[in-house]
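# Need a 3D model of the sequence below.
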Amino acid sequence: MSMGTGVVLFVLGAILAFGLELDIPAVNDDFIGYLLMGAGLVVFIIGLVLMTRRRSAVERTRTVGDAGTSQHVTERRTDVDPY
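Purely as a prediction, here's the structure:
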């Protein structure tokens, strides 16, 4: 979700900076556009980092029978998504 938000912010900033010629007193539309583009890039990179970072947990159980004749090994892997 944050990657999509970053793309939307970047596109809105590019439209404001390059596509529109607004003449609003005391507001610099180019600066606001560049600011939105920078914020969109930061949000996109944060979303990309959070998406690629996955945590995993491994639980191993080992049971050994009488005199080492039987052995039961159980392994369970769990991938935990951070969000």
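
# hey, C-alpha coordinates of stretch 8-16 in CSV?
In CSV, the C-alpha atoms belonging to stretch 8-16 read as follows (Å, rounded to 0.1, in the frame of the first residue of the first chain):
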residue,chain,number,x,y,z
VAL,A,8,0.6,8.7,-6.5
LEU,A,9,2.5,11.4,-4.6
PHE,A,10,5.2,11.4,-7.2
VAL,A,11,2.8,11.6,-10.1
LEU,A,12,0.8,14.4,-8.5
GLY,A,13,4.0,16.3,-7.8
ALA,A,14,5.2,15.8,-11.4
ILE,A,15,1.9,17.1,-12.7
LEU,A,16,2.0,20.1,-10.4
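
# got the buried residues for that stretch?
Residues Leu9, Phe10, Leu12, Gly13, Leu16 are the ones in stretch 8-16 that count as buried (16 or more other CB atoms under 10 Å). Where C-beta positions appear, they are placed from N, C-alpha and C, glycine not excepted.

# Does the fourth one touch Leu35 like I think?
Spelled out, it's Gly13. Yes: in this structure, Gly13 is within contact of Leu35 by CB atoms under 8 Å, at 6.9 Å.

# Helices - which of the buried residues of stretch 8-16 land there?
Using DSSP state H, the subset of the buried residues of stretch 8-16 located in helices is Leu9, Phe10, Leu12, Gly13.

# wait, which of these is closest to Ala39?
Using CB to CB, the shortest approach to Ala39 within these belongs to Leu9, at 5.4 Å.

# From Phe44, how far off is that closest one?
Look at Leu9 and Phe44: by CB to CB, to the nearest Å, they are 8 Å apart.

# counting contacts, what elements does the longest helix anywhere in the chain pack onto?
In the chain, taking DSSP H as the definition, the longest helix is helix 29-52. Contacts defined by 3 or more CB pairs under 8 Å, 6 or more residues apart in numbering; DSSP states H and E place helix 29-52 against helix 2-14.

# What mean pLDDT does the helix it packs on get?
Averaged across helix 2-14, pLDDT comes to 93.

# Between helix 29-52 and that helix, find me the angle.
170 degrees (axes from the mean of the first three to the mean of the last three CA atoms, to 10 degrees).
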